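[1] sequence plus predicted model, see below.
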Amino acid sequence: MAEHCCSAKGKELERLAVQAEQRRVLTIVLAINAAMFFLEFGAGVIAGSAALMADAVDMLGDALVYGLSLYALARSDRWKGGAALAKGVFILAFGIGILIDIAVKLRSGIPPSSTLMLGFGTLALVANLLCLRLLWRFRDHDVNMASTFECSRNDVVSNIGVLVAAGGVVLFASPWPDILVGAAIAALFLRSAFGVIRSAMPVLRATHS
């Protein structure tokens, strides 16, 4: 009996230690993404880059996602499933917002500043690679952390896309590389949104049954 009690306490302490580490990591990546949103979005506005602004909005979305993850961390599977569902809705909304911005860019036809795109795209890539490294060991922990890792992985792909777009703008002196990469980032958001929503729904249904 005493052995069983000690074992149960040990497992509970281990669970609490993992939660504390998750909370610390999520707080760090939230701060990184919130700071990068302001830097990158401002640069995107000045540069006139749809891809850079799309990437910045992704940073804002991730900051909200990490906040929701922190809220759901020590809660039940129902809360975690709900938080994952909310993340999916956020990502979906941002993807639609980017498509609207791209439609506006198509009307202007002015190439963005490739120098700002390269500089801030590189900075965002470094920031997101750091976030990905911090989140890596929690990627399969539960649906909440899995959806959080999914968002960070998408960011790295988006950052690389921004750098490719900047190179295309330099090479062709055209806004089209920026517009096409912005559209690709939007498509990635929409695909990710539906994936996160699909993974959250079974968890929510299980908690209601």
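    It's in.
[2] quick one: average confidence on the host helix or strand of residue 85?
    Here residue 85 sits within helix 77-108, counting by DSSP states H and E. Helix 77-108 shows a mean pLDDT of 75.
[3] ok, the residue nearest the centre of the chain to residue 84 distance?
    Centroid-nearest residue in the chain: residue 151, 3.2 Å away (criterion: Cα atoms, centre = their mean). Using Cβ to Cβ, to the nearest Å, one gets 10 Å for the distance from residue 151 to residue 84. Any C-beta I mention is one placed from the backbone N, CA and C, and that applies to glycine too.
[4] next: residue 39.
    For residue 39 relative to residue 84 (Cβ to Cβ), the value is 28 Å.
[5] and the two? Which one has more around it.
    More crowded of residue 39 and residue 84, by other Cβ atoms under 10 Å: residue 84, with 28 against 15.
[6] the more buried one reaches residue 199, doesn't it?
    Yes. With contacts counted by Cβ atoms under 8 Å, residue 84 reaches residue 199, the gap being 6.5 Å.
[7] rewinding a little: for the helix holding residue 85, packing partners?
    Packed against helix 77-108 by the contact rule (3 or more Cβ pairs under 8 Å, 6 or more residues apart in numbering; DSSP states H and E) you find helix 50-72, helix 143-172, helix 176-208.
[8] quick one, that helix and helix 50-72 angle?
    On the basis of axes from the mean of the first three to the mean of the last three Cα atoms, to 10 degrees, helix 77-108 is oriented at 170 degrees to helix 50-72.
[9] surely residue 37 meets residue 59?
    Yes. Taking Cβ under 8 Å as the contact criterion, residue 37 and residue 59 are neighbours in contact, 4.0 Å apart.
[10] more neighbours: those two, which one.
    The residue with more neighbours, out of residue 37 and residue 59, is residue 59; 25 against 21, by other Cβ under 10 Å.
[11] pLDDT wise, what is that one at?
    If you check residue 59, the pLDDT there is 82.
[12] same check, this time on residue 117
    If you check residue 117, the pLDDT there is 91.
[13] how many other residues sit next to residue 173?
    Residues within reach of residue 173, counting by other Cβ under 10 Å, total 9.
[14] for it, give me phi and psi.
    phi 50, psi 50 (degrees, to the nearest 10).
[15] that one contacts residue 111, doesn't it?
    Yes. Assessed by Cβ under 8 Å, residue 173 is found in contact with residue 111 at 6.0 Å.
[16] where does residue 112 land in three-state SS?
    Secondary structure for residue 112, judged by DSSP: H, G, I helix; E, B strand; the rest coil, is coil.
[17] that one reaches residue 52, doesn't it?
    Yes. Here residue 112 reaches residue 52: they are 7.2 Å apart, a contact under Cβ under 8 Å.
[18] what touches both of these two?
    Common neighbours of residue 112 and residue 52, using Cβ atoms under 8 Å, 6 or more residues apart in numbering, are residue 178.
[19] out of those two, which sits in the busier spot?
    residue 52 (32 against 24).
[20] for the residue nearest to that one when sequence neighbours are not counted, give me its contacts.
    In space, and not counting its chain neighbours, residue 52 is closest to residue 44: 3.5 Å by Cβ to Cβ, 6 or more residues apart in numbering. The contact partners of residue 44, taken as Cβ under 8 Å, 6+ apart, are 50, 51, 52, 53, 54, 55, 56, 116, 120.
[21] since that was my last question, I'll sign off now.
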